[in-house]
Every structure is written in C-alpha cells, then in structure tokens.
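# 3D model of this:
(2 chains)
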Protein chains: 2
Amino acid sequence: MNNSDDKLANRNRRSFLTRTLVAGGIAATAPLTSNALARPINSPDTASKAIEPFYGKHQAGIATPIQRNTYFMAFDVITTERAELIALLKAWTDAAAEMTQGPAHMDKNADPEQAPKEMGATLGLPNSRLTITFGFGPTLFEKDGQDRFGLASKRPAALADLPRFNGDQLIPERTGGDISIQACADDAQVVEYALRRMVSLMNGAAQIRWAQTGFTAGYKPNETPRNQMGFKDGTINVPTKDPAAMHQFVWAGNEGPDWMRDGSYMVIRPIRIALEHWDKMKLAFQEQTVGRHKLSGAPLGKHHEFDKLDLEATDKDGNYLIPENSHVRLSAPESNDGAQILRRAFNFDNGVAQIAERWPPWHQSVTFDAGLLFQCYQRDPRTGFTKMFEKMAKFDMLNQFTTHIGSGLFACPPGAQPGEFIGQKLFS
Amino acid sequence: MNNSDDKLANRNRRSFLTRTLVAGGIAATAPLTSNALARPINSPDTASKAIEPFYGKHQAGIATPIQRNTYFMAFDVITTERAELIALLKAWTDAAAEMTQGPAHMDKNADPEQAPKEMGATLGLPNSRLTITFGFGPTLFEKDGQDRFGLASKRPAALADLPRFNGDQLIPERTGGDISIQACADDAQVVEYALRRMVSLMNGAAQIRWAQTGFTAGYKPNETPRNQMGFKDGTINVPTKDPAAMHQFVWAGNEGPDWMRDGSYMVIRPIRIALEHWDKMKLAFQEQTVGRHKLSGAPLGKHHEFDKLDLEATDKDGNYLIPENSHVRLSAPESNDGAQILRRAFNFDNGVAQIAERWPPWHQSVTFDAGLLFQCYQRDPRTGFTKMFEKMAKFDMLNQFTTHIGSGLFACPPGAQPGEFIGQKLFS
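Numbering: from 1, shown residues only, chains lettered A, B, ... in the order given. So this is what the prediction gives:
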C-alpha cells in the first residue's frame, strides 16, 4: 500500500467513524471549532497536481476537501442589461472551466503571441486543486426595490436576508454583493490569479465590492487541524462523503426552485478574533469557553478527541461539565433541533490595523486584523446558520473574543454541464 | 540517489551555473525580476520538516532559500529604559530560538498544564523551515534628536536614512520602525503564530508599528518562479552559495562597527502593483517595459532564459534591443557601477482597498491592494539599493504600474551564539 492509498484508507476509516457518530445521534457541529471531513488535504506531494472537476452535478469547492489558500470576492453588477449579465456569467464560467481544468491556468492556445500573454502569473505552476465556486446574492434578484434582471420571482425563500445578529459590527465594504466568486487552491498565487482573471473579464458589467484572502495550516489529512485559537477545529462536521447527510443538510432539494436543486446556500462572515487577548487567557478559561480540552480536543471531562460530547454530564456539585454558554454546547445539533451546517472555513490575516476593540475598556490601537473567514454551506440558512447562530450570538462565551465584521449570503447554484454557464437555469 | 539528493544536486548545478555567469561579468540583478538562488524551495514533502539553524555566524532568513510564507512586523520601542529593551531582546531571542528549533513551535515543557497552553496554534505542525530575523532601524539609535538608549554613537554609517525617492508615496503606518522581526516558513499559520508569540512578549516595552504578510508561488526549486506580473523573477541574483559574492555584496565586514560584522542591511518596501492595468497591457509593451521575453524569460532579442544580457545589442535601425528605460537595463550591475543586492522578495495580497491610483486619470476606486513586498539585503544600502533605485525611481518604465507605499531600513546584526541575545554586542 503506497502513501496515497494509506491516506485514502485513513480517510475512509474517518468517514466511517464520523458516520457512526452521526448515526448514533452524538455528533456536534460547532461553527468555530468543527470542520471534520472538509479538513485540509495538505500534502502537496500527492495533492498539488490533482485536478478537481469543474462540470458536474454540484459545484466544486463545496464538498471538495479544503485547500490551503482561498481568495473570496463579492461583486456588484452595474450593468442593467440582462444580456450583459448573461454574457458575463458565460465568460466567467468558461474561464473557470479552463483555469481549473488546465495544467497551466492559461488559455488553451496560449503561446508567446497569444492570450493571456498579458497575465501568466501561474504559467508552469501545478494545478494545485483549484476550484472556483459561484454564488448569487439576494440583491441580484431585487435591489432597492428594483427587479433589474427580471429575477425577483425566482428568488428562493431560503435566500431570505439574514437577520441582524446580536453583536454584529458589519462593515458595508465587507458585506453583501450581487455575485460571489471564490477560488480555492493549494497555492496563494493560483487563487489570486484566478480572481484577477475574473476581474479582467468584468467588461464594465460588474465591479468589485469586497474581497478576503484566507489560508489553512499544513496539518496532515488524518489530523484535525488547530485553528488560530489553538483548539482542534473540525472534530465533527457534516460528512461530505455521506450522501444522505449531504442531502439532509447541504444540498438544496425539491423544496425550492428548480434552478437551485443540487446547489447549496452559503454564508460567509469574516470574524475578527482578538488574538492578543485570547493569548493572555488562562488555559482553564479557554477550555471552559470552548467546552473542549485544548491539547487533546476531548470534550471537557473526557480524554480523547472523539469521545462522546455528553451535554448532560455534571460534576459532583451538579454543574454541567460542558458550561451552559460554552461554544460547543451552543453549537451542538442537540441544542439546535438537530441543525447542522457544512463548515468550510479559512483563517484570514490582513496584518494589523487600527481597529476599535470589543473588549473593556473600549480603545483604539494597532491590533491584528486577523481571524476566521467563517464559511458554511447548508440546504436552508434559516434552519442552518441562522437557527444556530441567533442563540450563539447572544450567549456564546467566545463572543468576548470575536466580532463579525462582514457578512455575505449567496445561493450557489448546481454545477454546470459542458456548454452551460453557471446558473443558466435561473435565466431560462 | 533519492529525491532529496536529486534536488541538492540540482541546486549545486545551478549554483555552479550562476557562479559561472557572475564570473563572466554578465550577471544582472533586477530588483523586480531577479531572485535566483533565493528562489522558493517549495516541495513540502521533503522541505517542510527541515529545521533551519537559529544560532550561527549569520542570522537565518537572509541566505536561507526563500520560504512560501512570511510575516513581517516593525515595532516601536516605547520604554525609555535600556534594561527593558535588553530584556525584550533576550525574551524575543529565546522565543525565536525555541520556535525555530522546536518540532512543534511550543515551549519545551508544554503539556496540558504548562505554557504556552494559552496559544498552541501550531501544535503538531511541521517546523516548516521557520526562520525569524531581527533588524534595528535608524530610530533605535536616535529618534527626534533623542539618544534614548545610549546607542547613537554606535549607529553604522551604512544605516544612513534612505533618501526620498522619486515617486515615493510612503504611508506612515507602513513605514519605519525601531525594530523589525520577520518570520518566514512554508506555512502561513506558522509565521502568524511566530509574530503572535513575539507580540505576547512585548510586556509594555514595545508596540506594533506596521506589518505585512507575504507569499511565494509553488514553483519547483529548479524552476525560476514567475511573479504577479507573469514574468520569471529570479533568473539572476547574488548567489547565496558563493561566499565571495556574499562577502562582496551582502555581509557587513570590517568597514563598519564590530557589532554589525557578518550582519547585513535590509531594505523592505511594500510596492503596490496596479495589476488590473498591467493585465490589460499588450505583451509587446510588457516585454519592452521589463526588457525580457515573458514566456521564456530570455533577454529581448535572445531565446533562452540564461542567455547573456547584452545591453549594447541594437536592431537594424540602431535602437537598443533592451530599451533604455527598461527595468532590466536600469537594474543591471553594468548600469550601476557593479552594484548588486540580494533580493528576497515575497508577493503580498491584502485583498482590495480604496486606493488612489497612480494612473491617468487619477481616480479612486476599489482595486487590488496587492503587489511586491520588495526586500533586499546588502553590505551597504548606499552602494546597494539606493545606488540602484535612485535612477530606477526616475526612469524605470515599470513605475507606471508600481507605487512604493511603505519603506523600512534595518541593520540586521550577525547571528547570536547560544546564550547570547540578538544584537548583544551593540549593548556591550
């Protein structure tokens, strides 16, 4: 058995384990600390040359094992012509198919005298598992009361605007967007290039609204990665290899419009983490906040990462071992009528910035502009992210260290077939 | 011969080739397009577990083959007590030695009940070739006319303030600093963690001034990487494996103060590149601007990357094949009395920002906040970077697309020996 087979076997074992846990009703999905089967496949020796399919039933970049780098961008459509919007989506789809499937991220016929001779920042680089995923925001369907493209009647009920959550500090320049494009790959230059190509194709029909780069750490596929807060992040998540679980929690079905069937709804939120303050907290406080032991990843009171999360366990005085306002309790399916979301989050780090901190006493200073580029997919955000986060936004002890500074909600249509463009059924 | 040996042999062959080119007097060092032997060693399968030495004659992170990720931070010292400054340098040195040499970037005695239990974002990660490099800015020696720490008399002549270059648009929040710390590794989470550890040790003696993260692309060690502008970047550079060249161009010698011998002077400049505009330029214009062919990397008029750069060659009409204001001509040693610098540059990408563009007509818009985190080491910046860049700042055609938005100058002392702290001789 070679190294690659070994990894596959490891993944299969993990998949089985997770399915078993889920079947037993003891899975917990924690928006900030769970990311199981979507964990990084971080061995470029075997993975960097792999090519992720572009055409298919679902868009790539959702169930795809998470890559090392991402570049997320939200666009405003500025043309008022439906035909120009369609032309843009066609151009973007073709470019995405070509870049994700091509060995060199360049136009098929490129030579020294051919396009994209003007770009070429990834010529000769491995494909790096590039995926490009598209989404449509609520404002594409209706904006300021205007049905710009004749799409208002096709807006899915599941694409209801997110409520304003307790503690939201959303910056307009990091929020919203008519269309989202996200590139993920195991190379920062590849994902940057992918978005540059997309920007170069806007042709006056769209403009950039906001963007955020992100990364994951180089843990092995069979390890649960630690996040910036030092806790294992991804012990449990919706198992992407389990079609039943994906059907139940992630892929849109017959309940909504036909054009979204086999698509998924995505919520993305840059969450600034006050890392300087977190780093000063004592271990016991951190563990009470999260509800898990830091080194092992075990639920409080247990010893192993995959030990059962027992929300009823108490100490000799009758206090819950997993505190009432701990992150893992509030995000557990048992606390949310069984709700689960597929987390696919990256870290972000924009260096430092002058930022007002949500920490007493309020003050301005130079602090890390870093944290979690939280991202999740679900069949319906109303019973997924919103269901889980409304309570967490009010009570989660982690909120002392986290501030949601941006937000996006996007309907990611199903995958395109060769000859189609992304979202074609929405326009037919 | 295993894969690792093979790579080493490739590097040795390249080193020989570069030495030969240099000896033949045909080397060219181009600040934006050369980075030969400091090119990325980008195969984590063999490299990520490698440990770069911390203690030694020179600091690591200068001649070290460039890593995939960097986190640069400049600090202002805010204590006025020399003893507190020394204590800070001791704490930072110890942490750097421990993090770069430890297998898990954690305190040696870490266990569930021990420090740095409060952090731990890299527990279990490969060492990832982490290097941490320190530098002292001019303001550490004298600031606003004050000799805060009794160091003014020890300021090296080579640490003369940089002049204001033509076109500089330096943002104060991205410029200067009393002390620089730069972490480089093949993992974005590792370099972020390293700076978080440093920040956690400031203890009121220093504060963050500015920071910038960066990355390189995943080209193989035997390939010249392409930069964001799509050109091969690093065809020729000071050969780090050649002691004579390093002595001549990079390492400080007897000409300056004893405390800097075997150190080097570093210039770092975030250079924003108007990528959207560059991407729209025709290939021929780009190649005239750079002075090289894009696909092959050959000098204009030649066919192979390593063909001789002939600055005298003309076409049938008597025009130079390498245009007078092309980047490669202006940066060539032949155009600068033989000046050479060791480039060790990363790409940066902060997403998008509202930025005033240096492009007619001037306008404000949402544009890429991305470009080159230019960085070079030299024996004396007056005969290195400043010598080369004064002319380039005025005439280089690339300036149409580049804006220097920040600047730092730092004296990077020699490496510490076990038991010493970085820069100890400066204080003795």
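# what about A:Gln287, distance to A:Val328?
Actually, residue A:287 is Glu. It isn't Gln. According to CB to CB, to the nearest Å, A:Glu287 stands 10 Å off from A:Val328. The way it works is simple: take the backbone N, C-alpha and C, and place the C-beta from them, glycine included.
# more crowded one of the two?
A:Val328 (28 against 20; other CB atoms under 10 Å in any protein chain shown).
# ok, that one to chain B distance?
To chain B, A:Val328 is 17 Å away according to CB to the nearest CB, to the nearest Å.
# Am I right that that residue falls within a helix?
Yes. Checked against DSSP: H, G, I helix; E, B strand; the rest coil, A:Val328 lies within a helix.
# Nearest spatial neighbour of it, chain-adjacent residues omitted?
A:Gly291 (3.4 Å; CB to CB, 6 or more residues apart in numbering or on different chains).
# and what of A:Ala274?
A:Phe401 (4.8 Å).
# Surely that neighbour and A:Ile271 touch.
No. A:Phe401 lies out of contact with A:Ile271 (CB atoms under 8 Å); the separation is 9.6 Å.
# what's around A:Thr386, how many residues?
Around A:Thr386 there are 19 residues (other CB under 10 Å).
# what does stretch A:246-259 contact?
With CB atoms under 8 Å, 6 or more residues apart in numbering or on different chains as the test, stretch A:246-259 has contacts from A:58, A:62-63, A:154, A:156-158, A:238-240, A:260-265, A:340-342, A:377-380, A:384, A:413, A:423, A:425-426, A:428.
# And the buried ones among the residues you listed, selectable in PyMOL?
Buried residues among the contacts of stretch A:246-259 (16 or more other CB atoms under 10 Å in any protein chain shown), as a PyMOL selection:
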select buried, chain A and resi 58+62+63+154+156+158+238+239+240+260+261+263+264+265+340+341+342+377+378+379+380+384+413+423+425+426
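# Give me the subset of the contacts of stretch A:246-259 lying in strands.
A:Ser264, A:Tyr265, A:Leu342, A:Tyr377, A:Gln378 (DSSP state E).
# want to throw the residues you listed into a markdown table with distance to chain B and pLDDT?
Output for those, formatted as a markdown table (distance: CB to the nearest CB, whole Å; pLDDT from 0 to 100):
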| residue | distance to chain B | pLDDT |
| --- | --- | --- |
| A:Ser264 | 24 | 98 |
| A:Tyr265 | 24 | 98 |
| A:Leu342 | 22 | 97 |
| A:Tyr377 | 22 | 98 |
| A:Gln378 | 25 | 98 |
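# Run through the residues that contact the residue nearest to A:Ile78 when sequence neighbours are not counted.
Excluding the flanking residues, the one nearest A:Ile78 by CB to CB, 6+ apart is A:Gln207, at 5.5 Å. By CB under 8 Å, 6+ apart, A:Gln207 lies in contact with A:Phe75, A:Asp76, A:Ile78, B:Ser365, B:Val366.
# now A:Ala411
A:Gly135, A:Phe136, A:Gly137, A:Pro156, A:Ala158, A:Leu159, A:Met260, A:Gly263, A:Tyr265, A:Met266.
# from the residues you listed, which single one is nearest chain B?
Closest approach between the contacts of A:Ala411 and chain B, by CB to the nearest CB: A:Gly137, at 16.4 Å.
# ok, now which ones touch the closest one?
Going by CB under 8 Å, 6+ apart, the list of residues near A:Gly137 reads A:Ala74, A:Gly176, A:Gly177, A:Asp178, A:Ile179, A:Ser180, A:Gly408, A:Leu409, A:Phe410, A:Ala411.
# To which secondary structure element is A:Asn127 assigned?
Under DSSP states H and E, no helix or strand contains A:Asn127.
# hang on, it packs against A:Gln67?
No. Contact status for A:Asn127 versus A:Gln67: not in contact, 11.1 Å apart, counting by CB under 8 Å.
# Looking only at neighbour counts, state which of those two leads.
A:Gln67 (29 against 22).
# My understanding was that the more buried one contacts A:Ser128; is that so?
Yes. Counting by CB under 8 Å, A:Gln67 does reach A:Ser128; the two are 7.5 Å apart.
# shared neighbours of these two, anything?
Overlap of the contact sets of A:Gln67 and A:Ser128 (by CB under 8 Å, 6+ apart) consists of A:Ala185, A:Asp186.
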